[in-house]
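Below are the sequence and a predicted model; questions follow.
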Amino acid sequence: MRLISGHYIFTGREFIRNGIVETDSAGRIASLGSLGDSIVERESVEFFNGIIIPGFVNAHCHIELSHMKGVIPEKSGMSAFCKSIMSYRNSDADRQLSAMYEADKLMENEGIVAVGDISNRYLSIRMKKDSRLIYHTFVETFNLDPRLAGEVISMSKDIRRSFEKEGLRASISPHAPYSLSEKLFEMSVSEGNRDGIVSIHNEESIDEMELFADKKGKMRDLFGKNTDLFIHEYDRPIQRILKYIAPETSMMLVHNTHTNEQGIELALKRNKKTTWVLCPASNLYIENCLPDVSLFSKHKLHIALGTDGFSSNTKLSILNELKILDSAFPETGLQNLLRWATLNGAEALNLNEELGSFDTGKRPGILLLTDIDFKNMKLTENSRVKRLM
Ligand SMILES: [Zn+2]
């Protein structure tokens with residue numbers, strides 16, 4: 001049993017000044033309260049200078065791409081990025097696996113307790129079984145040749161089965177609105193509807209927006225005439241996702257860098273369980289721009305945070321994503337940001353019975369955030385995270 005206290009406790013929803021959290025011997029939350037205005041020295045209370053928070057949830061990562069750290073040039077746009085990914089994907093399997101183990105350790109040290117991970121092969125199964133983190137694997141489909149749709153989906157089902165056989169959570173999801181034939185897109189979303197959860201890259205780049213709006217541009221040049229088979233049906237990428245998604249499926253829309261009011265309204269009308277997953281460091285890496293977070297806040301959207309993979313990020317740190325958002329959108333406030341980084345991510349991945357907040361009975365992990373600007377309740381450049389449990 002431990003009694004942990006700090007200047008503030010963030011419960012997953014709000015701050016408690018001089019709060020105190022009690023855990024049982026298994027690390028489960030036994031109680032939550034406040035020491036009151038005066039910090040009295042109580043026997044066996046561990047008091048920390050900083051904010052005590054539940055473990056971070058990384059709602060979007062590509063652990064399979066960990067060997068690509070520092071390989072792809074920054075700020076060269078989405079089409080150039082896709083081209084690089086395709087050429088670096090198949091390198092030595094042992095090297096890929098050891099990069100994954102390293103990335104997993106880094107995330108653990110960064111206070112991450114659960115990951116929504118995009119993988120399209122079997123390779124990460126062993127690492128995920130060995131990990132102390134909880135992974136939900138989205139088995140990702142992509143292929144623009146309609147003749148190969150059946151083959152791709154049956155392979156993906158086999159991968160999903162292999163994860164599940166090892167006791168790991170897995171479901172099938174399409175990569176993005178621009179990288180699948182209509183047939184494969186429909187089949188992939190319907191598998192996701194069956195699994196109850198879909199995670200898809202949405203309106204991430206200017207090249208993608210141009211493909212759908214003008215039916216031409218860099219992405220059309222890269223992917224060729226197979227895109228002509230479906231592109232005339234849609235004006236915006238999100239329309240293609242919404243065509244097949246079931247209203248009750250937990251839908252994670254990732255990036256949303258170019259999402260506007262129209263896209264938000266379309267999604268809210270069609271789906272009741274949408275989470276908008278933001279990966280700001282990756283957006284800066286690829287295109288040097290950020291989503292319109294103020295617009296998302298105005299609509300009170302359900303937002304979670306992801307790091308994306310090492311192919312488009314120099315760190316796998318939710319705290320780093322928070323620092324970027326806190327500095328670019330100061331009006332958001334630390335309370336909202338921390339909720340996005342903890343409880344909302346857990347809710348999106350259906351892990352909120354165990355993770356994301358200090359509710360009694362949960363085992364969410366306990367972190368300490370230090371070097372906070374308490375006067376303005378803001379993160380600083382020097383803010384650090386340490387695992388307490
Ligand atoms: Zn991604």
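Nice, thanks for sending it over. All figures in this text were calculated on a predicted structure; none of them were measured in a lab. Numbering: from 1, shown residues only.

burial count for residue 59?
32 (other CB atoms under 10 Å). To be clear about C-beta, it is placed using only N, CA and C from the backbone, and glycine gets the same treatment.

residues touching it, list them.
Residue 59 makes contacts with 116, 252, 254, 275, 277, 304-306, 344-345, 348-349, as judged by CB atoms under 8 Å, 6 or more residues apart in numbering.

cool, residue 355 as well?
Going by CB under 8 Å, 6+ apart, residue 355 touches 54-55, 57, 113-114, 134, 342, 346, 362-365.

re the thing from before, strands - which of the contacts of residue 59 land there?
116, 252, 254, 275, 277, 304-305 (DSSP state E).

so can I have CSV of these showing distance to residue 90 and pLDDT?
Shown next, in CSV, are those (distance: CB to CB, whole Å; pLDDT from 0 to 100):
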residue, distance to residue 90, pLDDT
116, 24, 98
252, 27, 98
254, 24, 98
275, 32, 98
277, 27, 98
304, 31, 98
305, 30, 98
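
Filter these down to just the buried residues.
Judged by neighbour count, with 16 or more other CB atoms under 10 Å as the criterion, the buried members of the ones in strands among the contacts of residue 59 are 116, 252, 254, 275, 277, 304-305.

Out of those, the closest to residue 98 would be?
Lowest distance from residue 98 to those (CB to CB) belongs to residue 116, with 22.7 Å.

quick one: secondary structure of the closest residue to the closest one other than its chain neighbours?
What sits nearest to residue 116 in space, not counting adjacent residues and going by CB to CB, 6 or more residues apart in numbering, is residue 59, at 4.6 Å. Following DSSP: H, G, I helix; E, B strand; the rest coil, residue 59 is assigned to strand.

Check the one 5 residues further on too.
Under three-state DSSP, residue 64 falls in the helix class.

can you count the residues close to it?
Residue 64 has 25 neighbours, counted by other CB under 10 Å.

same question, the one 10 residues further on
Using other CB under 10 Å, residue 74 is surrounded by 13 other residues.

Where do the domain boundaries of this structure fall?
2-53+365-387, 56-348 (automatic domain parsing).

Confidence-wise, which of these is weakest overall?
Among those, domain 2-53+365-387 has the lowest mean pLDDT, at a mean of 92.

Any idea how far apart the tips of that one sit?
Length of domain 2-53+365-387, first residue to last, CA to CA, to the nearest Å: 14 Å.

how far is it from where the chain is centred?
25 Å (CA atoms, centre = their mean, to the nearest Å).

now do stretch 263-283
Going by CA atoms, centre = their mean, the spacing between the C-alpha centre of stretch 263-283 and its chain's C-alpha centre is 12 Å.

what's the answer for stretch 150-163, then?
Counting by CA atoms, centre = their mean, stretch 150-163 is centred 23 Å from the centre of its parent chain.

Check stretch 174-186 too.
Using CA atoms, centre = their mean, the offset of stretch 174-186 from its chain centre is 20 Å.

Is it correct that residue 203 is in contact with residue 264?
No: at 10.5 Å, residue 203 does not count as touching residue 264 under the criterion of CB atoms under 8 Å.

just to revisit the earlier point, could the buried ones among the ones in strands among the contacts of residue 59 be laid out in TSV, adding distance to residue 31?
Shown next, in TSV, are these (distance: CB to CB, whole Å):
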residue	distance to residue 31
116	30
252	32
254	36
275	29
277	32
304	27
305	28
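
Most widely separated two among these?
252 and 305 (11.5 Å).

what do these two both touch?
Taking CB under 8 Å, 6+ apart as the criterion, residue 252 and residue 305 both touch 59, 277.

Dump stretch 46-61 to PDB, keeping only the CA atoms.
Extracted C-alpha coordinates of stretch 46-61, given in PDB (Å, rounded to 0.1, in the frame of the first residue of the first chain):
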ATOM      1  CA  GLU A  46       5.100  10.300   0.100                       C
ATOM      2  CA  PHE A  47       4.900  14.000  -0.900                       C
ATOM      3  CA  PHE A  48       6.300  15.100  -4.300                       C
ATOM      4  CA  ASN A  49       7.000  18.500  -5.700                       C
ATOM      5  CA  GLY A  50       4.800  18.500  -8.800                       C
ATOM      6  CA  ILE A  51       1.600  17.100 -10.300                       C
ATOM      7  CA  ILE A  52       0.600  13.500  -9.800                       C
ATOM      8  CA  ILE A  53      -1.200  12.100 -12.800                       C
ATOM      9  CA  PRO A  54      -2.400   8.700 -14.200                       C
ATOM     10  CA  GLY A  55      -0.200   7.000 -16.800                       C
ATOM     11  CA  PHE A  56      -0.200   8.400 -20.300                       C
ATOM     12  CA  VAL A  57      -2.100   6.700 -23.200                       C
ATOM     13  CA  ASN A  58      -0.400   7.000 -26.600                       C
ATOM     14  CA  ALA A  59      -3.400   6.600 -28.900                       C
ATOM     15  CA  HIS A  60      -1.400   6.400 -32.100                       C
ATOM     16  CA  CYS A  61       2.000   4.900 -32.800                       C
END
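
picking up where we left off before, counting neighbours around each, name which of residue 203 and residue 264 comes out higher.
More crowded of residue 203 and residue 264, by other CB under 10 Å: residue 203, with 24 against 21.

Contact partners for the more buried one?
When contacts are counted by CB under 8 Å, 6+ apart, residue 203 touches 209, 236-238, 253, 255-259, 263.

re the thing from before, now flag whichever of the ones in strands among the contacts of residue 59 is closest to residue 170.
Of all those, residue 116 has the smallest distance to residue 170: 11.2 Å, by CB to CB.

check contacts around the closest one.
Going by CB under 8 Å, 6+ apart, residue 116 touches 57-61, 136, 138, 199, 252, 277, 306, 345, 348-349.

Brilliant, that's me finished.
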